[in-house]
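**Student:** Based on what follows, work out the 3D shape:
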Amino acid sequence: MKTSMNALVYTGTQQMSYRREPLPTLREGDVMVEIAATAICGSDMHAYHGKDSRRIAPLILGHEVSGTVLDGEFAGQQMVINPLMTCGECPYCLGGRSNLCSQRELIGMYLAGAYADKVAIAARNLLPIPADMNLVHASLTEPTATALHAIALVERVLYRPLCEARTLVIGGGAIGLLTALILKAKGCNSIDLAETNPLRRQCVEQQHCARCFDPITDPAADEDYDIVFDCVGAASTRSAASSAVRPGGIISHIGLQDSDAGLDIRKLTLQEVTLLGNYCYSKADMCAAINMLYQRQLGDLSWVDVRPLSTGAQAFKDLHNGCVSSAKIVLQPDAWCCA
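**Tutor:** Numbers count the residues shown, from 1 in each chain. Coordinates of the predicted model:
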């Protein structure tokens, strides 16, 4: 019986090692999942840069994952993992807002994640997917759910229908691009997207979901938006969002790059601008994301860059150096890539 597996391990700032690691330890209620695909998240990059005190090396990162359950009630079934594990008993969990549970855990943070052949997860965190769903597409469920959650919060406070809103998305990474794609799918006709990386801008433009521009060379782009989605979460982007939003508008703060200043609180107060924080997603958001991806409502997802897990260290370097056009890199165990 095998006792070890291949894994991509975060070993220190800007250091990733592909090596043999012990199989995950199953806790009570856990099952083992054979991984088919794991996407690289911006939070994984944050750890890679040594800026996440919660993710301590050595650690297997990765939480955007699809795969096949190996044991338990759902053995043999293809599933998406909800990586956010909560108590299931507090008022937030019982009220459908489990993302706010004070006891929440996330694989790839304190617990071993999914840049590996296998991962352990609580059986109640398994989400079924259609038998013929593309497993690479399925691995995008978590970031899609994050974008869906943010848009759903915005829809609750809008004075007019979302499709009428003039919208700015800051950041052309996966969350930003998915936000634009979802807005388009919901009927929005006025979507601008700010991205500084020319390769990313080209990728976004090819999806025909937004007017893409460089906020550095075109800082005077129209600044009169009903909604601004900050998918970066840096001081500079918060400042840009504050400038761009119109009176009575909404800033949706999704990114978590830093916690420095940036917001124009005086403007937010005097012009009754609504600021919405967004953290993760609910189970309902995850299920809606699976359906949206399966139904191809977000296009063919041809912009996703799929690579073998064994080359994951280079993938992180490429993202760090900004030489990747795709908004999302997905890593697959080498056995899947060679199949």
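
**Student:** okay, which residue is most central for this protein?
**Tutor:** Residue closest to the mean C-alpha point of the chain, counted by Cα atoms, centre = their mean, is P143 at 2.8 Å.

**Student:** Would you mark the buried spots in the one helix or strand V154 maps to?
**Tutor:** Counting by DSSP states H and E, the element that carries V154 is helix 141-157. When burial is assessed from 16 or more other Cβ atoms under 10 Å, helix 141-157 yields the following buried residues: 141-154. Where you see a C-beta, it was placed from the backbone N, CA and C, and this is true even at glycine.

**Student:** can you check stretch 241-249 too?
**Tutor:** A241, S242, A244, V245, G249.

**Student:** element containing E28, please.
**Tutor:** Counting by DSSP H and E, E28 is found in no helix or strand.

**Student:** Check the spacing between it and A120 real quick.
**Tutor:** 11 Å (Cβ to Cβ, to the nearest Å).

**Student:** Just to check, S43 is in contact with R54?
**Tutor:** No - if you go by Cβ atoms under 8 Å, S43 and R54 don't touch, sitting 9.2 Å apart.

**Student:** higher neighbour count, the two?
**Tutor:** Taking other Cβ atoms under 10 Å, S43 and R54 do not tie; S43 has more neighbours (18 against 11).

**Student:** hang on, that one in a helix?
**Tutor:** Yes - assigned with DSSP: H, G, I helix; E, B strand; the rest coil, S43 falls within a helix.

**Student:** Please name the residues that touch it.
**Tutor:** Each residue near S43 by Cβ atoms under 8 Å, 6 or more residues apart in numbering is listed here: D52, R55, L256.

**Student:** Tell me the most packed of those, by neighbour count.
**Tutor:** The member of the contacts of S43 that has the most neighbours, counting by other Cβ under 10 Å, is R55 with 20 neighbours.

**Student:** Now do the contacts for it.
**Tutor:** Y10, S43, H46, A47, L61, G108, M109.

**Student:** Relative to D318, how far out is it?
**Tutor:** 20 Å.
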